[in-house]
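> Quick one, structure for this:
(one chain, ligands or ions: 1)
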Amino acid sequence: MDVNNYILPEGEIPIKETLSLWKGKHHYFRDFDSAVVELAQDIKCKDCGNPTGNKYYLLCEACRNKKSAEKYFQLEYREWDGETPLWLYDTDIYFFSEEEVVDYAYEVDTEVADLKLIIAKPLETPYFDIEEFLYEKLEIEPEYMESVISDSEIEEINDSINETILNSIGKTLNVWAPGKYRTSFINNKE
Ligand SMILES: [Zn+2]
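Down below sits the predicted model:
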């Protein structure tokens, strides 16, 4: 590009302007606030104003724990049967015996009574549905289902397969998920 080939309006030439930018950590910004956000290393807790310890947390650890504890204690209390696995609230930890709970408390140097335990629940065995299978795996749309399989065949297949599954696996799988009742085997019901 040769600028000599360009014709400017009569009496006009480009004017040199100085633009102010705000420098954040790595980038330049047109506004101060965006630069502050990029440069920041921490943010103030939404609840108490203390540093959250991380730019991406809205609450500090103490407030997060408090919130989590509040939610936990709002859950209904149920006695533990001593057998059903337990879930440690807000974690991915499950316990399959009282002993495991005690060992864990010892490991993390806390009291068993202070662990927020939830009675886990087993995942239910999924129900097999041949129509769902045909639709999902073979892309047979519901309106064409009739041409592929009759209602009585559907019923017969579903009954037979589900009975087989129930007989061999049972109503629930040996896979656990968080339940909705808090519990303890130490007296901390309140
Ligand atoms: Zn806080």
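
> By residue count, which strand of the protein is the longest?
Ranked by residue count and defined by DSSP state E, the top strand of the chain is strand 172-183.

> what comes into contact with that strand?
With CB atoms under 8 Å, 6 or more residues apart in numbering as the contact definition, strand 172-183 has outside contacts at 72-73, 75-80, 85-87, 89, 94, 116-125. No exception for glycine: its C-beta is placed from N, CA and C like everyone else's.

> Now, of these, which are buried?
By neighbour count, with 16 or more other CB atoms under 10 Å, the contacts of strand 172-183 hold 75, 80, 85-87, 89, 116-122, 125 as buried.

> thinking again about what came up before, any buried residues in the longest strand of the chain, and which?
So, applying 16+ other CB under 10 Å, buried residues of strand 172-183: 176, 178-179, 181-183.

> Double-check residue 90 against residue 67; I have them as touching.
No: assessed by CB atoms under 8 Å, residue 90 is found out of contact with residue 67, at 9.9 Å.

> Please point out which parts of stretch 14-31 sit buried.
Neighbour-count burial for stretch 14-31 flags 22, 24, 29 (criterion: 16+ other CB under 10 Å).

> What does the pLDDT read for residue 189?
pLDDT for residue 189: 45.

> Residue 172 now?
At residue 172, pLDDT is 85.

> helices or strands up against the lowest-mean-pLDDT helix or strand in the chain?
In the chain, no helix or strand scores lower on mean pLDDT, DSSP states H and E than helix 145-148, which sits at a mean of 89. If you count contacts as 3 or more CB pairs under 8 Å, 6 or more residues apart in numbering; DSSP states H and E, helix 145-148 packs onto helix 130-138.

> could I get the helix it packs on in CSV with only the CA atoms?
The C-alpha trace of helix 130-138 is given here as CSV (Å, rounded to 0.1, in the frame of the first residue of the first chain):
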residue,chain,number,x,y,z
ILE,A,130,-37.6,-51.2,24.4
GLU,A,131,-39.2,-48.1,22.9
GLU,A,132,-36.6,-45.9,24.5
PHE,A,133,-33.9,-48.3,23.3
LEU,A,134,-35.2,-48.3,19.7
TYR,A,135,-35.5,-44.5,19.7
GLU,A,136,-32.1,-43.8,21.3
LYS,A,137,-30.0,-46.5,19.6
LEU,A,138,-31.7,-46.9,16.3
